[in-house]
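Novice: Give me a 3D structure for the following:
(chains A and B)
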Amino acid sequence: MFRRVLIANRGEIACRIAATLHEMGIQSLGVHSDADAGAMHTRVCDASVRIGPAEARQSYLDIDAVVAAARDHGADAVHPGFGFLAENAAFAEAVEAAGLTFIGPTPQQIRDMGDKRAARRIAEQAGMPIVPGAEGDDIDALAAAARTIGYPVMVKAALGGGGKGMKPCADEAELREAVESAQRVARSAFGDASVYLEKLVTHARHIEVQVLGDGHGSAVHLYERECSLQRRHQKVFEEAPSPAVTAEQRAAMCAAAVRLAETVDYRGAGTIEMLLAPDGRFHFLEMNTRLQVEHPVTELVTGVDLVRAQLHVAMHGDLPFEQSALHRHGVAIEARVYAEDAAHGFLPQAGTAMRVRWPHGPFVRVDRGLEAGDAVPVHYDPMLAKVIAFGASREAALARLAGALDATRIHGVITNLPFLRALARDPRVAAAAFDTEWIEREFLAGFEALVQAPAPDLALAAAAIAESLGTAAPSSGPAAGGTAPVAPDPFTALGRWRLPGGAS
Amino acid sequence: MKSLWRDGERQREVELTALGDGRYRVRVDEATFDLHAAVMPDGRMQLSHDSGSTVAEVTAVGTRRFVRVGTLEFVLDRESAARRRSGAGAGGGLEAPMPGVVTRVLVIVGDVVEKGQPLMALEAMKMEHLIRAPRAGRIARLAAATGQMVQGGATLAELEE
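Specialist: Okay, here's the model as predicted:
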C-alpha cells in the first residue's frame, strides 16, 4: 500500500488524481511552478512542492526536479497524469532508479509506443490493421513514398501525440511545407525532429479502446470511446459508447486492443486509438501509454475508477477485476473547456478567472482545475476543465450536457464555452452524423456567423447599468489586475497531513 | 449617460437615463426601452421589462466586460477614447495574436512581401502559428527576433506600402 504519491502534473488532472488518492487514504503530494503557486491543484493536494520557475521545461518537464521532490518528500510512487512527462521513458526510468514506483507502463513500453513508427510495427505484429505509411527524415524520399501511397496524406511527428505537429497534405507542395513545420514543432516539443506520414483516411471516425494490463501478459478492455468531434486534431467532445459501431465491430476492436496489450505485456492503463473508415474497417492509429483526458466517460459507463485501477496494478501487479466482471450501461459525453477565444481563431487566452461557477446536479461531473480567483497562466495547455454528463440514453446525456454547459459561467478569461454550447445543440451532433473533419468542414462556418451576430440590446443595457451601479467588479476574489492567492508554505502544509496506518 | 461599446467588429452606443427606484430608460443604438434593475446580494442584477425578467451578470476586467444574460454570454469592450482593438493589418504594424515565442523570422528589413506570405512563426502551447503579411508591402521594421518571448498584441513588424 502506498503511503504517499506524488502527482507530477497540474490543473484538472492533478485535482482528479488527488481525489482518488484521498478516497483511498493515500497522501497526495503536488508539485507546482512559480506560475502555479496557490493554484487549485496545490490546494486540493495534501501538500505541494515548488519545482521551478513558470517555464515548463524548468518545472513540470524537469525530470530531476520532479524526482527530487518525490524522493525528498517521502513519496513511494509517482503518478504522471497526462501530458508533461507522462509518456517520457527517461522519466519513468528516473523514478524507478530513485527506488520509487512509476504508476504507468514500463519505460520500454513507453519508448516503443512513443515512437509511432515502432508502434505501427508492433500493432501489425499483433494482427491489427494499419494505415499505409512511410517513415524517414529525407523529404525527397517521403515525397516519393507519398506519390506511391497517393494523396492526401497526413504528416505526423514520430514522437508526437495530441495532434501536435500533425498536418494533412493534399499535394507535394503542402507535404514539403508540412514536413518542415512538423520537424520544427517535433524538435521543440519532443526533442526529436523525426516525422512519418500515413495515408489520410477521410470521413473516418476516431474510436479508441481503453485497456488495463497487469504487466504479465493479461489485459482487459473497458470498451470504447468515440472522439470524432475534433478541431485541428484536438478532441472537443468524447463519448462512450460510440454511437457508430455495431456490436460486431465493438467486439472485434476490443479484442484486437486486448491482443495488442497482451502481446507487449502491457502494464497499467492504456488506450489504443483506431480510425473507423466509412467502409466499416478499422485501422490502428497509435497507443497512448497513459490515462487519457477523456477517461471519465469510460468511468461513468463502467463504474470503474481508472485511477484506482492504475494504483491497484502498480501496488499489486495484478488486475483488480476480470473481463467478465466488466459491464457498461448508459451513455456519457464529455466536453473540454479551454481558455480559447472561439470567436477569433481559437487563440489561447490567459488571465484571472474572476468569477467561476461550475454546473452541478445529478449525473453531471466536472473535472476542474480552476476556481474563482485563479490565474490561467500563458505557459501551459489552456484546458481548464471537463464537463461530463451521463444519461440512460445518448439523447438524455446530450441534453444534460447542454444544460450543464449553459449553467457553467467563467468570467475574466475568454473560454470556448460558446463553441461547446453550440455543438451540444447541433442536430448533427444529436444524430451522431459526424466524422473527425466535420467540425471544420461543416460546423465552424455557421458557428462563426453565430458569434459574429450582434449582442442583444439587453446585453448592452446590462453592461451600461452595471457600470453605473458599480456592480461589474466581482463580489469575491481579487480585484481586477490582482494576483492569485499566495501559496501556502509547503512545510507548514506538511504539518496538516493525515497519517494513515494508525500513526495519528 | 452615453457610453460606447465594441461588440465584435461593431461599435454600439448606449444611452442610459436613470428614472429613480432602479428604473432606467435605455437607448441601445436605435432602440429605446425601459428596464428595472434590482441588484442581488451576489452582485448579479435582475432586469425586468414589460415582457418578463432575466438575470444578468457583468464582470469587468480592464475595459473588457463579460456579460451573461440568462444563459447567453457575450464579451464586450468599453470604448474610451478613439482606441480600437487593432486586428492584424488595421495599421502599419503586425501584432502577435497571442503570447508566445518567436521561433523563426522569415524576412529581413527591406524585403518586399506579398499578401499572405509567412513572415514569422510564433509558437505557443506547442502549436506553431505562422504570422502572414496582411497585405503586400515592404518590411519597414522588425520588432522581434528568434527566441524572443512576446506578449499578445505586441508589435512584431511594420509594413509600409
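
Novice: Where does pLDDT dip in chain B?
Specialist: Along chain B, segments meeting pLDDT under 70 span B:81-93, B:125-127.

Novice: mind checking the longest strand of chain A?
Specialist: Ranked by number of residues, the top strand in chain A under DSSP state E is strand A:219-231.

Novice: Can you tell me the strand partners of it and which way each runs?
Specialist: strand A:205-214 (antiparallel), strand A:234-240 (antiparallel) (DSSP bridges).

Novice: list the buried ones in that strand?
Specialist: A:219-231 (16 or more other CB atoms under 10 Å in any protein chain shown). Glycine gets a C-beta too; all of them are placed from N, C-alpha and C.

Novice: can the strands paired with strand A:219-231 go into CSV with extra columns for mean pLDDT?
Specialist: Conversion of these to CSV gives the following (pLDDT from 0 to 100):
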stretch, mean pLDDT
strand A:205-214, 98
strand A:234-240, 97
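
Novice: how far away is the residue of chain B most remote from its centre from residue B:37?
Specialist: Residue farthest from the centre of chain B, counting by CA atoms, centre = their mean, is residue B:21 at 34.0 Å. According to CB to CB, to the nearest Å, residue B:21 stands 10 Å off from residue B:37.

Novice: Check residue A:300 too.
Specialist: For residue A:300, the distance to residue B:37 - CB to CB - is 41 Å.

Novice: quick one: which of those two has more around it?
Specialist: Comparing residue A:300 with residue B:37 by other CB atoms under 10 Å in any protein chain shown, the one with more neighbours is residue A:300, at 24 against 21.

Novice: How is the more buried one assigned, secondary-structure-wise?
Specialist: helix (DSSP: H, G, I helix; E, B strand; the rest coil).

Novice: cool, and the one 4 residues further on?
Specialist: Counting by three-state DSSP, the backbone at residue A:304 sits in coil.

Novice: How much space separates it from chain B?
Specialist: Taking CB to the nearest CB, to the nearest Å as the measure, residue A:304 falls 31 Å from chain B.

Novice: hang on, that residue packs against residue A:326?
Specialist: Yes: assessed by CB atoms under 8 Å, residue A:304 is found in contact with residue A:326 at 7.2 Å.

Novice: and these two? which has more neighbours close in?
Specialist: residue A:304 (21 against 15).

Novice: What residue, apart from its backbone neighbours, is nearest the more buried one spatially?
Specialist: Once flanking residues are discounted, residue A:304 sits nearest to residue A:222: 6.2 Å by CB to CB, 6 or more residues apart in numbering or on different chains.

Novice: now swap in residue A:262 and tell me
Specialist: residue A:219 (4.9 Å).

Novice: circling back to that earlier point, between residue A:304 and residue A:326, which contacts overlap?
Specialist: Shared contacts of residue A:304 and residue A:326 (CB atoms under 8 Å, 6 or more residues apart in numbering or on different chains): residue A:222.

Novice: can you tell me the average pLDDT over stretch A:13-23?
Specialist: Throughout stretch A:13-23, pLDDT has a mean value of 98.

Novice: Now it: buried residues?
Specialist: Neighbour-count burial for stretch A:13-23, counted by 16+ other CB under 10 Å, picks out A:13, A:14, A:15, A:16, A:17, A:18, A:20, A:21.

Novice: Which single one of those residues is nearest to residue B:15?
Specialist: residue A:15 (46.0 Å; CB to CB).

Novice: The host helix or strand of the closest one: what's the following helix or strand?
Specialist: Per DSSP states H and E: residue A:15 is located in helix A:11-23. As assigned by DSSP H and E, the chain's next helix or strand after helix A:11-23 is strand A:27-33.

Novice: In its sheet, which strands sit next to that next one, and in what direction?
Specialist: In the sheet, strand A:27-33 lines up against strand A:4-7 (parallel), strand A:47-52 (parallel) (DSSP bridges).

Novice: Walking through the stretch 51-200 of chain A, point out its strands one by one.
Specialist: Here the stretch 51-200 of chain A has its strands, by DSSP state E, counting those that start in this stretch, at A:77-79, A:101-102, A:133-135, A:153-157, A:167-169, A:195-199.

Novice: How about the contacts made by residue A:309?
Specialist: A:212, A:269, A:320, A:321.

Novice: Kindly report the same for residue A:119.
Specialist: Neighbour list for residue A:119: A:112, A:113, A:284, A:286, A:287 [criterion: CB under 8 Å, 6+ apart].

Novice: Take those and write them to JSON lines, including distance to chain B, pLDDT and neighbour count.
Specialist: Listed next are those as JSON lines, based on distance: CB to the nearest CB, whole Å; pLDDT from 0 to 100; neighbours: other CB atoms under 10 Å in any protein chain shown:
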{"residue": "A:112", "distance to chain B": "23", "pLDDT": "95", "neighbour count": "18"}
{"residue": "A:113", "distance to chain B": "19", "pLDDT": "95", "neighbour count": "26"}
{"residue": "A:284", "distance to chain B": "24", "pLDDT": "96", "neighbour count": "23"}
{"residue": "A:286", "distance to chain B": "17", "pLDDT": "93", "neighbour count": "19"}
{"residue": "A:287", "distance to chain B": "20", "pLDDT": "96", "neighbour count": "28"}
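
Novice: what's the average pLDDT for stretch A:334-341?
Specialist: pLDDT averaged over stretch A:334-341 gives 97.

Novice: now what about it, what contacts it?
Specialist: Contacts of stretch A:334-341 (CB under 8 Å, 6+ apart): A:235-239, A:293-294, A:296-297, A:346-351, A:376, A:382-388, A:401, A:405, A:408, A:410, A:413-417, A:420, A:423-424.
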